[in-house]
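Visitor: have a look; sequence and predicted model below, questions after that.
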Amino acid sequence: MTSIGVLASGRGSNFKALLDAQKRGDFGGEFVVLVSDKPDAGALSIARENGVKAVVISPKDFTSREAHEEAVVKELEGCGVGLVCLAGYMRIVGTPLLARFGGRILNIHPALLPSFPGLHGQRQALEHGAKVTGATVHFVDEGCDTGPIIIQAPVPIGEDDTEDTLSARILAEEHRIYPAAVRLFCEGRLKIAGRRVKILPLGPKKGEDK
Ligand code: GRF
């Protein structure tokens, strides 16, 4: 069973989708801590309502980005976390997290990467005039939304779409593919080979023939 820590800054709908997947069972992972940099993040309430440790680590209490991230790492390590899920975490991941959790940090992005990285992926796609956008789950590296891609889901853009209508359809896909990717990680089925992530077949369960 993989112990999972979540970092979130906002409402936490992806975190909720992950928790729901864990509750459905056979997930291979357990959410043990939610860390937020924002004391008013909705994700904190979701954690508390679901019996997950909720911790606020505000950058305002530290003199540098490094020191703040070190404190986040300390909390995650103290909880025995083996996988870190970013779920609307509005900070660039730096050296402390990458040094200790490299290859074990996932993120969800509201666009088909490498198109439209960074903030407001949905708005960027609309303004660019793209006909298709979507959602991406990827490993986190030192860049901004540049790490190896695990799962993507396409979402067509309609003539009448606004940022809100498009975001809602993308979000539905996020809630589907993020739990799927986390489950694959927990099953030990993700193999990073350079830029590519290979999805390995499911091995035999305990008690089954090899
Ligand atoms: C999502 O659109 C996610 O793709 C992006 O931030 C948003 C977080 O939403 N990284 P929520 O807090 O999970 O509802």
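Guide: Arrived safely, thanks for sending.
Visitor: pLDDT weak spots in this protein?
Guide: For the chain, the stretches with pLDDT under 70 are 205-210.
Visitor: okay, helices next: where are they in it?
Guide: 13-24, 42-49, 65-78, 95-101, 121-128, 163-186 (DSSP state H).
Visitor: which of the ones you listed sits closest to the ligand?
Guide: Closest to the ligand of the helices of the chain, according to Cβ to the nearest ligand atom: helix 13-24, at 3.1 Å. Backbone N, C-alpha and C define where each C-beta goes, glycine included.
Visitor: flag every buried residue along the closest one.
Guide: Neighbour-count burial for helix 13-24, counted by 16 or more other Cβ atoms under 10 Å, picks out 13-19, 21-22.
Visitor: also near the ligand: which of these, exactly?
Guide: Among the buried residues of helix 13-24, the residues within reach of the ligand (Cβ under 6 Å from any ligand atom) are 13-14.
Visitor: residues touching residue 77, list them.
Guide: Contact partners of residue 77, counting by Cβ atoms under 8 Å, 6 or more residues apart in numbering, are residue 100.
Visitor: and for residue 102?
Guide: residue 141.
Visitor: returning to what we had before: so can I have a markdown table of the helices of the chain showing distance to residue 135?
Guide: As requested, the helices of the chain are exported to a markdown table (distance: least, Cβ to Cβ, whole Å):
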| stretch | distance to residue 135 |
| --- | --- |
| helix 13-24 | 10 |
| helix 42-49 | 18 |
| helix 65-78 | 25 |
| helix 95-101 | 22 |
| helix 121-128 | 9 |
| helix 163-186 | 4 |
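Visitor: and of those, who's closest to residue 7?
Guide: Among the helices of the chain, helix 65-78 comes nearest to residue 7, with 7.0 Å by Cβ to Cβ.
Visitor: the ligand contacts on this structure?
Guide: So the chain meets the ligand at 8, 10-14, 87-88, 108-110, 171, 174 (Cβ under 6 Å from any ligand atom).
Visitor: separate out the buried members of those.
Guide: Judged by 16+ other Cβ under 10 Å, buried ones among the residues of the chain next to the ligand: 8, 10, 12-14, 87-88, 108-110, 171, 174.
Visitor: identify the farthest-apart pair in those.
Guide: Going by Cβ to Cβ, the pair spanning those furthest: 12 and 109, at 16.3 Å.
Visitor: my read: residue 9 touches residue 36, true?
Guide: Yes: between residue 9 and residue 36 there is a contact at 6.2 Å, judged by Cβ atoms under 8 Å.
Visitor: when those two are compared, which one has more neighbours?
Guide: residue 36 (26 against 18; other Cβ atoms under 10 Å).
Visitor: list the contacts for the more buried one?
Guide: Counting by Cβ under 8 Å, 6+ apart, residue 36 has contacts 7-9, 43-44, 54-57.
Visitor: and which of those is nearest residue 153?
Guide: For the contacts of residue 36, the nearest to residue 153 is residue 8 (20.5 Å; Cβ to Cβ).
Visitor: that's all I had, so thanks and see you.
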